[in-house]
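Pasted the sequence and its predicted model underneath.
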Amino acid sequence: MIDMELVELSRWQFALTALYHFLFVPLTLGLSVLLAIMETVYVMTGRQVWRDMVKFWGLLFGINFALGVSTGITMEFQFGMNWAYYSHYVGDVFGAPLAIEGLMAFFLEATLVGLFFFGWDRMSKVGHWAATCFMAIGTNLSALWILVANGWMQNPVGSEFNIDTMRMEVTDFAAVIFNPVAQAKFVHTVSAGYVMGSVFVLAISAFYLLNRRHRGFARRSMTVACSFGLASALSVVVLGDESGYALTDNQKMKLAALEAMWETHDAPAPLTLVGFPDRENHETRFALEVPWALGLISTRSLDGEVIGILPLVEHAEERIRSGQIAIAAMDEVRADPQNQAARDRFEAHKQDMGYGFLLKRYMTDVSQATEADIEKAAFDTVPNVAVMFWSFRVMAGIGFYFIALFATGFVLSTLRKHDTRWFLRIALFSLPLPWLAAELGWILAEYGRQPWLIEGTLPTFLGVSALKASQVWMTIAGFTALYGTLVVVEVMLMVRQIRKGPYERKPVSDLLPGDDTVAPLPAE
């Protein structure tokens with residue numbers, strides 16, 4: 001029988017390390033592009049203040065980049081240590097994008113980061129600018145391959161199960177790369193990273209302006225952040241809609257759960273703005289609905305159907321019964337590889353084998369499952385509806401808030417009203433929000449596909465290593481202590497650098513009335 005304590009602990013360990021890692025990755029994505037934009041202005045204008053901006057924000061980027069790389073390595077080791085059967089089962093497919101990402105992160109990206117920091121006085125102005133631009137491109141390409149691997153877990157295209165090797169194998173690598181779920185996740189994730197980088201720059205700039213420090217530097221940084229942030233926030237909403245559209249075809253249960261839609265509505269389905277999902281009674285209490293909105297968003301039509309949770313559970317029961325046949329046929333083939341009738345029966349039902357595996361949580365021999373067992377396993381395909389429902393609404397609400405924030409900042413920057421104090425206070429206190437939205441997005445993507453490690457193919461509880469629960473407890477405690485120490489160190493380094501500012505003394509040419517900078521340098 002499955003040791004569910006071991007499964008849950010392994011899930012918690014990976015979730016904690018992934019959530020921690022995702023504190024750094026989006027900020028790295030956003031800051032890398034902002035650095036390229038700022039250095040472009042420096043190359044075009046030749047003004048020293050823009051070079052100072054690139055160096056200052058680049059230093060904060062470097063601190064964050066170091067933590068992102070180190071925590072990412074830990075996650076990759078977990079695939080072999082905590083999820084050994086998963087790695088064995090899908091290593092032929094999953095390993096290739098991870099290997100390419102490793103090459104990009106540790107060779108291309110790391111080399112370009114080195115050129116960025118140490119090439120200022122060793123390269124020409126244009127050469128350093130090119131290195132910064134390629135660093136931004138490399139950082140985003142590194143994220144692409146991780147999301148290709150993750151997208152395949154959400155929608156396992158370009159591969160099939162080989163009954164002779166008992167593993168998933170690649171049949172079309174191009175289909176893996178151009179997986180619509182992976183591409184939608186990539187553009188949505190990097191856009192969210194751009195928003196995070198823009199909020200970070202805006203909030204720190206607001207801090208300086210509120211304290212009347214480095215005002216010339218802060219005004220320029222605020223203008224760049226609001227301009228780039230507004231475009232990014234708009235794209236997050238548009239590309240998030242594209243991600244929702246992808247769920248309609250590939251992850252119907254996730255879509256139904258995040259909308260708390262228990263039954264199938266007549267097309268086009270309404271969108272529930274707020275409500276209180278009740279899993280016991282299969283209803284959403286006090287629901288405030290917008291007619292037609294969900295149908296239009298998720299199907300792009302007036303007659304497209306969005307299937308509800310309960311009909312999807314009934315469909316899962318049918319697939320579990322089919323999966324029982326596939327597993328029985330697979331056992332016959334393993335006992336007698338020449339049994340062609342069993343092979344034919346397996347081929348006819350292999351697409352449902354993963355659903356049959358859901359019964360392994362409750363029994364060793366799935367052929368002995370009763371109708372009650374099948375119904376119980378089918379309901380396991382429903383994630384926590386309340387968590388999904390509210391996570392999505394908080395994340396989406398923050399997204400629309402950022403559009404308003406950046407639009408206001410863009411208008412104020414255009415009117416040269418950078419010192420509007422009410423806006424600066426709002427911008428400063430908005431600093432934690434992109435991280436909250438990013439973590440909620442991760443929960444929607446990963447927690448929302450439970451009980452699957454690979455959607456419809458491999459249940460999560462079958463992917464764990466043969467460990468003892470006490471061993472996982474020890475590693476969770478170790479990671480918590482280590483990561484807690486690292487985050488304290490990073491925050492201290494960030495705060496120290498921000499308090500210090502881009503420079504201790506400022507050229508007279510960059511002073512603004514009211515700056516508190518003392519002992520300015522002569523104008524160059």
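Here it is on my side, so go on. Numbers count the residues shown, from 1 in each chain.

residues in contact with the closest residue to residue 317 other than its chain neighbours?
Among residues not flanking residue 317 along the chain, residue 378 sits closest, at 4.4 Å (CB to CB, 6 or more residues apart in numbering). For glycine as for every other residue, the C-beta is placed from the backbone atoms N, C-alpha and C. In this structure, residue 378 makes contact with 313-314, 316-317, 320, 358, judged by CB atoms under 8 Å, 6 or more residues apart in numbering.

where does the protein dip in pLDDT?
Within the chain, the stretches falling below the threshold (pLDDT under 70) are 1, 105, 504-524.

need the strands for it, in chain order.
Applying DSSP state E to the chain gives strands spanning 159-162, 167-170, 271-278, 283-290, 452-454, 458-459.

What helices and strands are in contact with the second one?
By that I understand strand 167-170. Packed against strand 167-170 by the contact rule (3 or more CB pairs under 8 Å, 6 or more residues apart in numbering; DSSP states H and E) you find helix 84-103, strand 159-162.

Could the C-alpha coordinates of stretch 434-454 be exported in PDB?
What follows is stretch 434-454, C-alpha atoms only, in PDB (Å, rounded to 0.1, in the frame of the first residue of the first chain):
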ATOM      1  CA  PRO A 434       3.700  40.900  -7.100                       C
ATOM      2  CA  TRP A 435       5.200  38.200  -5.000                       C
ATOM      3  CA  LEU A 436       1.800  37.300  -3.600                       C
ATOM      4  CA  ALA A 437       0.400  37.100  -7.100                       C
ATOM      5  CA  ALA A 438       3.300  35.000  -8.400                       C
ATOM      6  CA  GLU A 439       3.000  32.500  -5.600                       C
ATOM      7  CA  LEU A 440      -0.800  32.200  -6.000                       C
ATOM      8  CA  GLY A 441      -0.200  31.600  -9.700                       C
ATOM      9  CA  TRP A 442       2.200  28.800  -8.900                       C
ATOM     10  CA  ILE A 443      -0.400  27.300  -6.600                       C
ATOM     11  CA  LEU A 444      -3.000  27.500  -9.300                       C
ATOM     12  CA  ALA A 445      -0.800  25.800 -11.800                       C
ATOM     13  CA  GLU A 446       0.700  23.000  -9.600                       C
ATOM     14  CA  TYR A 447      -1.800  22.400  -6.800                       C
ATOM     15  CA  GLY A 448      -4.600  22.800  -9.300                       C
ATOM     16  CA  ARG A 449      -3.500  19.700 -11.400                       C
ATOM     17  CA  GLN A 450      -3.500  17.400  -8.400                       C
ATOM     18  CA  PRO A 451      -3.800  14.400  -8.100                       C
ATOM     19  CA  TRP A 452      -1.500  14.200 -11.200                       C
ATOM     20  CA  LEU A 453       2.200  14.500 -11.500                       C
ATOM     21  CA  ILE A 454       1.600  14.100 -15.300                       C
END
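
show me the contacts for the spatially most central residue of the chain.
Ranked by distance to the mean C-alpha position of the chain (CA atoms, centre = their mean), the top residue is residue 442 at 4.8 Å. Residue 442 is in contact with 18-19, 22, counting by CB under 8 Å, 6+ apart.

Let's see that with 6 Å instead.
residue 22 (CB atoms under 6 Å, 6 or more residues apart in numbering).

Next: residue 132.
Shown in contact with residue 132 (CB under 6 Å, 6+ apart): 35-36, 39, 116.

what about it, distance to residue 66?
When distance is defined by CB to CB, to the nearest Å, residue 132 is 18 Å away from residue 66.

number of nearby residues for the closest residue to residue 19 other than its chain neighbours?
Leaving aside its chain neighbours, residue 19 sits nearest to residue 439 (5.7 Å; criterion: CB to CB, 6+ apart). As a burial measure, residue 439 scores 18 neighbours (other CB atoms under 10 Å).

What distance do you get for residue 439 to residue 95?
When CB to CB is the yardstick, residue 439 and residue 95 sit 27 Å from each other.

ok, now residue 226?
Here the distance between residue 226 and residue 95 works out to 42 Å (CB to CB).

same thing with residue 213?
Distance of residue 213 to residue 95, computed by CB to CB: 50 Å.

now residue 266
Distance of residue 266 to residue 95, given as CB to CB: 45 Å.

Straight-line length of stretch 342-357, end to end?
End-to-end span of stretch 342-357 (CA to CA, to the nearest Å): 18 Å.

contact partners of that stretch?
Residues from elsewhere that reach stretch 342-357 (CB under 6 Å, 6+ apart): 319-320, 322-327, 329-330, 332-333, 366, 456-459, 462.

Try it again at 7 Å.
Applying CB atoms under 7 Å, 6 or more residues apart in numbering, the set of residues contacting stretch 342-357 from outside is 161, 163, 316, 319-320, 322-327, 329-330, 332-333, 366, 456-459, 462.

now stretch 388-399
233, 236-237, 240, 257-258, 260, 274, 277, 433, 436-437, 440-441, 443-444, 448.

Tell me the buried residues in that stretch?
Of all the residues in stretch 388-399, those buried under the rule 16 or more other CB atoms under 10 Å are 388-393, 395-396, 398-399.

Would you confirm that residue 259 contacts residue 270?
No - between residue 259 and residue 270 there is no contact under CB atoms under 7 Å: 9.2 Å.
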